[in-house]
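Visitor: Below are the sequence and a predicted model for it; my questions follow.
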Amino acid sequence: MFRFLFRLIILLIVLGAVGAYMLGWRPDGRVGATAERPIDTVDSAKVKEVGAELGAKASEAASAAQTAIADGSITAKIKAKLALDDTVKARDIHVDYTNGVVTLTGTVATPLERKRAVDLARETNGVRSVTDKLTMIR
């Protein structure tokens, strides 16, 4: 038991020393990392301006991500409806959704299958229009 505690204490001391060294502390009291040039003053107006620009860019990126997630969600709903329908061969139909417009591409065997695929896409919430680019197999 004593050996274990002794080894644990030694290990903690060694890890602490390595950690301090990696963080920049040196035995003579100096810091390992220094600036290339001295920093005189900070222009707070410039800092606020850059912060506002970064905030605007982050907001735009979040909005774009939210739109992409919503588009992917509606695409997945349409593909699921096509896959669950017995009259449609979903593997032959590609679904693309952008800003409320669904584009169906691929091949279908019958006019009934084509109509059903378009109807399933139109029934989905969030779909404003459907562009039918399906081709018939002859």
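Guide: Looks like it arrived, so ask away.
Visitor: What's the first helix or strand after the lengthiest helix in the chain?
Guide: Counting residues, the longest helix found in the chain (DSSP state H) is helix 44-84. Counting by DSSP states H and E, the next helix or strand C-terminal to helix 44-84 is strand 93-98.
Visitor: Only the buried residues of that next one, if you could.
Guide: For strand 93-98, a neighbour-count test (16 or more other Cβ atoms under 10 Å) marks 93, 95, 97 as buried. To be clear about C-beta, it is placed using only N, CA and C from the backbone, and glycine gets the same treatment.
Visitor: Quick one: distance of that strand to the chain centre.
Guide: Centre-to-centre, strand 93-98 and its host chain are 20 Å apart (Cα atoms, centre = their mean, to the nearest Å).
Visitor: now that strand: mean pLDDT?
Guide: Averaging pLDDT along strand 93-98 gives 92.
Visitor: One more: stretch 59-79?
Guide: 89.
Visitor: quick one: buried residues of that stretch?
Guide: For stretch 59-79, the neighbour count (16+ other Cβ under 10 Å) marks 71, 74-75, 77-79 as buried.
Visitor: Would you mind pulling the contact partners of it?
Guide: 90, 95-99, 102, 120-121, 124-127 (Cβ atoms under 8 Å, 6 or more residues apart in numbering).
Visitor: All set now, cheers.
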